[in-house]
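Peer 1: Below are the sequence and a predicted model; questions follow.
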Amino acid sequence: MEVNMENNENSQLALSEHLILLNLEAKNQEDALSKMAENLASFGFVKSTYKRAIIEREKTFPTGLQGSEIGIAIPHTDAKHVNQQSVSVAVLNQPVEFIHMGSENQMVSTKIIFMLAIDKPDSQLEMLQKLISLIQKEEVLQKIIKSKSCKEVLKLLYEELL
């Protein structure tokens, strides 16, 4: 199942079951980012430069956020590395550490990663705002973590991000 959503700039955001990774095994932050970026690239959503760019950007501009119970991260990078606007979601088997957004050393034990591939710089802020709103809904994050299928997560994302 794949869903395309229109945003204000008439660009489409692709949400696909292929971009939802449940029970992702990752040794650390870089491993999680690598696996997600490679998955996005395998479906043609991002360029070969995306993986290195997202890992490097995370080192300079951390994206970890602590919800009331669940740690999340929203890694993203420059539009020039993106072929088609999309969001990938990973629910990690075991949390990995991300540095808290706006901090240099405060760690967030991250269970869910929302990886953005945004093809227009002006679309990034709008998508980040929608994700921040979603992140504040602890019950939605719990549903994502407890989801048994990618289809369930896709339905939740469609309801929250549309």
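Peer 2: Looks like it arrived, so ask away.
Peer 1: How about the contacts made by Val82?
Peer 2: Under the criterion of Cβ atoms under 8 Å, 6 or more residues apart in numbering, the contact list for Val82 reads 45-47, 50, 117-119. C-beta coordinates here come from the backbone N, C-alpha and C atoms, glycine included.
Peer 1: what about burial for these, which qualify?
Peer 2: Members of the contacts of Val82 that pass the buried threshold by neighbour count (16 or more other Cβ atoms under 10 Å) are listed as 45-46, 50, 117-119.
Peer 1: helix or strand for Val87, which one?
Peer 2: Using DSSP states H and E, Val87 sits in strand 86-99.
Peer 1: swap in Leu21?
Peer 2: Per DSSP H and E, Leu21 falls inside strand 20-24.
Peer 1: so that strand versus strand 86-99, what angle?
Peer 2: Here strand 20-24 points in a direction 30 degrees away from that of strand 86-99 (axes from the mean of the first three to the mean of the last three Cα atoms, to 10 degrees).
Peer 1: strands paired with strand 20-24, and their directions?
Peer 2: Based on DSSP bridges, the pairing partners of strand 20-24 within the sheet are strand 86-99 (parallel).
Peer 1: Turn the buried ones among the contacts of Val82 into TSV, columns for distance to Glu159, secondary structure and pLDDT.
Peer 2: What follows is the buried ones among the contacts of Val82, written out as TSV (distance: Cβ to Cβ, whole Å; DSSP: H, G, I helix; E, B strand; the rest coil; pLDDT from 0 to 100):
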residue	distance to Glu159	secondary structure	pLDDT
Phe45	22	coil	96
Val46	25	strand	97
Tyr50	27	helix	98
Ala117	21	strand	94
Ile118	20	coil	89
Asp119	23	coil	88
